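**Student:** need a structure here:
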Amino acid sequence: MSAAPGPVALEQAPATESHAPPVSAPGGPDQGRRAPGFWSSVAALLRKELLVELRTLESVPGMALFAVTTFVVFHFALNRGSVEGDLAAGILSVTVLLASLLGINRLFVADAEQGGFDALRLAPVDGSALFVAKASALLIYLAVLEVVAVPAFALLLLGTSFGAALPGIVVVLLLADLGVAAVGTLVAALAVRTRARDLLGPLLALPLLIPIVLATSSALSPLLATHAPAFGAWVAGRSLRWLITFALYDLLFGLIAYALFDFLLED
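**Tutor:** Now for the predicted structure:
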């Protein structure tokens, strides 16, 4: 009889980990997903801005109420039936500018307080898209403000009808709004990170907006005179110089603000 063999220790080979990448099923959630385009991002951000304003009414009603109240104060303080020319253009320009500061101060407050900046940095979105969306939203706010402010100004302070001068007024205010939107968006993004944003924003914006006030009042002065020129004669006159100044100012500060906004967003 042969003896039974002794116990043999069997060692199991350690399990090896597979380093092969997981294979996702075709048509899975990651397939075909791309970052949104620039203008798609701008449209989405602008839609968000307008919906927030419609729901909260934080900017536009305050801007319009400030403008109308200022016109009422001028109506009683000047103690005269009507204004025209340089005085009328100065009152309208300064009032619209000061009312726009209320919208500039509130432009980035919600993003700073509710984490909007952090969410944008985490999203695959170009930071410049936020600048374009915010400037477009501010431009719309200013347009709505002027739809309310200009008729109130004509009713309370302007002695003559401005129907013939309305195309020129629209052109001047549109060029002014473009400059205010570019400068205001840049200043608002710079001031919102500070504790004294309500004070720092106007202090930074006002020196940059002085050329816009000068150009606006100078271009509007002939249009608000007793005998306003026709649109063609107004453009061919001295106002053409101010319109060119407007266009150059808007282009210069629009490019500067667009180039610097990404750096402000990262800081």
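**Student:** switch to C-alpha atoms for all contacts and neighbour counts from now on
**Tutor:** Noted.
**Student:** my guess is residue 243 meets residue 172, correct?
**Tutor:** Yes. Counting by C-alpha atoms under 8 Å, residue 243 touches residue 172, with 7.4 Å between them.
**Student:** list residues touching both of those two?
**Tutor:** Residues touching both residue 243 and residue 172 (C-alpha atoms under 8 Å, 6 or more residues apart in numbering): residue 219.
**Student:** A strand includes residue 228, no?
**Tutor:** No. Using DSSP: H, G, I helix; E, B strand; the rest coil, the assignment for residue 228 is coil, not a strand.
**Student:** quick one: low-confidence parts of the stretch 51-200 of the chain?
**Tutor:** The stretch 51-200 of the chain contains residues with pLDDT under 70 at 114-125, 160.
**Student:** For the most centrally placed residue in the chain, pull up the helix or strand it's in.
**Tutor:** Nearest to the mean C-alpha position of the chain, by C-alpha atoms, centre = their mean, lies residue 135 at 2.4 Å. Using DSSP states H and E, residue 135 maps to helix 127-156.
**Student:** do residue 190 as well
**Tutor:** Using DSSP H and E, residue 190 sits in helix 166-191.
**Student:** so what does that helix touch, helix or strand wise?
**Tutor:** The helices and strands touching helix 166-191, judged by 3 or more C-alpha pairs under 8 Å, 6 or more residues apart in numbering; DSSP states H and E, are helix 85-105, helix 127-156, helix 197-220, helix 231-236, helix 239-266.
**Student:** again, 10 Å this time
**Tutor:** Under the contact definition 3 or more C-alpha pairs under 10 Å, 6 or more residues apart in numbering; DSSP states H and E, helix 166-191 sits against helix 85-105, helix 109-113, helix 127-156, helix 197-220, helix 231-236, helix 239-266.
**Student:** related to what we said a few turns ago, I'd like the distance from the helix holding residue 135 to the chain centre, please.
**Tutor:** Counting by C-alpha atoms, centre = their mean, to the nearest Å, helix 127-156 is centred 9 Å from the centre of its parent chain.
**Student:** With stretch 146-159 instead?
**Tutor:** In terms of C-alpha atoms, centre = their mean, the centre of stretch 146-159 is set 24 Å apart from its chain centre.
**Student:** please renumber so the chain begins at 841
**Tutor:** That works, and once the first residue is 841, the last one we named lands at stretch 986-999.
**Student:** ok, the closest residue to residue 883 other than its chain neighbours - contacts?
**Tutor:** Excluding the flanking residues, the one nearest residue 883 by C-alpha to C-alpha, 6 or more residues apart in numbering is residue 973, at 7.2 Å. By C-alpha atoms under 10 Å, 6 or more residues apart in numbering, the contact set of residue 973 is 879, 881-890, 979, 1025.
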